[in-house]
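Asker: A structural model of the following input is requested.
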Amino acid sequence: MSTDPAASSLRAAMPSAELIATQVQAALAEDVGSGDLTAALLPAAQQAQAQVITRVAAVLCGTSWFDAVFQQLDPVVQIQWVVGDGEAVAPGQVLCTLSGNLRVLLTGERTALNYLQTLTGTATRARRYADAVAGLPVRLLDTRKTLPGLRRQQKYAVRCGGCCNHRMGLYDAILIKENHILAAGSVAAAVGAARALGQGVQITVEVESLAELEQALAAGAERILIDNFALEDMATAVAITGGRAELEASGGVTLGRLRAIAETGVDAISIGDLTKGVEPADLSMRLVSVPA
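Answerer: Numbering: from 1, shown residues only. Below is the predicted model:
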């Protein structure tokens, strides 16, 4: 087994086989329903071989979901991967070869590619962001702005691209936002209420001004999200905080502004665009052999 830290991190982020199977089962039900009417036109026993290729440079992700599609349709289908999740691929490169029943290969094609294209697109986008801050001590975080039903999958893809995960959902961390503060009456009251829950999870306070930052620090916040700050205000926030809390920048983050934001000295940057602005990778599956 590999001892590479990056490989170990990806294994830890990978959803369980049981969860992947459940996700794929739902995706197949959506696409195949009661049966593939077009595939029924083909000889039932016909065997074939196919390849998946990429037309673009990308970072591969989604192989486990791709495999699970065909595993559920017909466990006899054989898939040989040339590259694995997290690896860079070049235009025209063969990613994998499939061998099995022709009907099954064509029935599973779209569901399998939907996963592979979307997750590869997510990983590729994350890699672009990660490369933009190479050499700087900052963590790039995803958000909950994921495609509905693809939360775990996209967050895994973000890791494949070299970025990090924020909270998975509303259940595993507390993020006190402006509406929570308004409802509680003050930053201090909101922080106090969060601590009183005694959940033992990370508590982050979102602030929208340097004055609110001071309030969060006075309340003893250990993690503060500075939302939509100008670059000079971010640098000022870092100086004011002086290491007393972890600072996360968010809002208006683009690839073009990313390095400048990181250079202000913030500890982390959260980026909705990692998952919500995804362009699926241009991948295709083609039959290469249909024995007589």
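Asker: pLDDT weak spots in the chain?
Answerer: The model of the chain has pLDDT under 70 over residues 1-9, 292.
Asker: One more pass at 90, please.
Answerer: Applying pLDDT under 90 to the chain flags the ranges 1-14, 197-200, 277-278, 289-292.
Asker: mind listing the strands for the stretch 101-250 of the chain?
Answerer: Along the stretch 101-250 of the chain, counting by DSSP state E, counting those that start in this stretch, strands occupy 139-141, 174-176, 203-207, 223-227, 246-250.
Asker: Starting from the second one, tell me which strands it pairs with and how they run.
Answerer: When pairs are called by DSSP bridges, strand 174-176 turns out to pair with strand 203-207 (parallel).
Asker: Which positions in the longest helix belonging to the chain come out as buried?
Answerer: The longest helix of the chain (DSSP state H) is helix 102-132. Within helix 102-132, the residues scored as buried using 16 or more other Cβ atoms under 10 Å are 102-109, 111-127, 129-130. C-beta here means a position set from N, CA and C on the backbone, and glycine is covered the same way.
Asker: Tell me which stretches of the protein form helices.
Answerer: Under DSSP H, the chain gives helices at 5-13, 17-31, 63-73, 102-132, 151-160, 178-184, 187-197, 210-218, 231-241, 255-262, 273-276.
Asker: any chance of these in JSON lines, plus distance to T38?
Answerer: Output for the helices of the chain, formatted as JSON lines (distance: least, Cβ to Cβ, whole Å):
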{"stretch": "helix 5-13", "distance to T38": "36"}
{"stretch": "helix 17-31", "distance to T38": "12"}
{"stretch": "helix 63-73", "distance to T38": "15"}
{"stretch": "helix 102-132", "distance to T38": "8"}
{"stretch": "helix 151-160", "distance to T38": "27"}
{"stretch": "helix 178-184", "distance to T38": "49"}
{"stretch": "helix 187-197", "distance to T38": "54"}
{"stretch": "helix 210-218", "distance to T38": "58"}
{"stretch": "helix 231-241", "distance to T38": "55"}
{"stretch": "helix 255-262", "distance to T38": "41"}
{"stretch": "helix 273-276", "distance to T38": "33"}
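Asker: Of these, flag the one that's most buried.
Answerer: Comparing those by mean neighbour count (mean count of other Cβ atoms under 10 Å), helix 151-160 ranks first with a mean of 24.
Asker: and that helix, what does it pack onto?
Answerer: Secondary-structure packing of helix 151-160 (3 or more Cβ pairs under 8 Å, 6 or more residues apart in numbering; DSSP states H and E): helix 5-13, helix 17-31, helix 102-132, helix 273-276.
Asker: what would the ones you listed look like in TSV with distance to S250?
Answerer: Output for these, formatted as TSV (distance: least, Cβ to Cβ, whole Å):
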stretch	distance to S250
helix 5-13	22
helix 17-31	28
helix 102-132	14
helix 273-276	11
